[in-house]
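*Asks:* model the following, please.
(one chain, ligands or ions: 1)
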Amino acid sequence: MKPRIALIAHDKKKDDMIKLAAEYLGFLQTCTLTATGTTGGRLANELGLAVDRKHSGPFGGDLQIGSMLVEGGIDAVIFLRDPMTPQPHEPDINALVRACDVHNVACATNLSTAHLVLSQLQLTQQ
Ligand SMILES: O=C(CO)COP(=O)(O)O
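*Replies:* Numbers count the residues shown, from 1 in each chain. Have a look, this model is predicted:
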């Protein structure tokens with residue numbers, strides 16, 4: 001089955017997300033991708049990736065992805081959080097990360113871990 005990956009980035013991390021996704025473009029094209037609204041828009045517009053776009057994070061996008069994950073619909077989450085900027089929807093962010101822990105779903109919240117997760121997933125697909 002294709003890996004089902006959620007891609008989410010806070011505003012100051014969106015350029016990092018685009019660079020990361022560009023590095024793994026060939027692999028990500030083989031995956032089923034879900035993203036929060038603005039992140040997904042950039043991935044689609046700038047890299048041509050087919051992404052199921054949920055609401056923007058502050059409007060419930062993290063919760064929508066959390067709900068999918070709880071239902072068993074997500075294999076890994078790449079969530080480039082901005083630890084330096086307070087977010088109005090902090091409880092939603094914590095709920096998503098908590099849902100990953102509850103359901104033992106890989107959750108990369110920084111670039112180093114994102115590389116480890118994506119490179120490993122890519123290996124297991126080959
Ligand atoms: O806020 C976010 C995650 O908490 C991301 O939402 P956007 O991708 O819509 O900016």
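*Asks:* roughly how far apart are P86 and P58?
*Replies:* 12 Å (C-beta to C-beta, to the nearest Å). Where C-beta positions appear, they are placed from N, C-alpha and C, glycine not excepted.
*Asks:* for M17, same thing?
*Replies:* 17 Å.
*Asks:* neighbour count for P86 and P58, which is higher?
*Replies:* P58 (15 against 6; other C-beta atoms under 10 Å).
*Asks:* who's in contact with the more buried one?
*Replies:* Residues in contact with P58 (C-beta atoms under 8 Å, 6 or more residues apart in numbering) are 87-89.
*Asks:* redo that, cut-off 10 Å
*Replies:* 36-38, 87-89, 92-93 (C-beta atoms under 10 Å, 6 or more residues apart in numbering).
*Asks:* same check, this time on H115
*Replies:* 20, 23-24, 78, 108.
*Asks:* in stretch 7-23, which residues are buried?
*Replies:* 7-10, 13-14, 16-18, 20-21 (16 or more other C-beta atoms under 10 Å).
*Asks:* quick check: residues of this structure near the ligand?
*Replies:* 8, 10, 36-39, 56-58, 61-62, 93 (C-beta under 6 Å from any ligand atom).
*Asks:* show me the residues you listed that map onto helices.
*Replies:* 37-39, 61-62, 93 (DSSP state H).
*Asks:* burial check on whichever residue of the chain sits closest to the ligand, number of neighbours?
*Replies:* Nearest residue of the chain to the ligand (C-beta to the nearest ligand atom) works out as G57 at 2.0 Å. By other C-beta under 10 Å, the residues close to G57 number 26.
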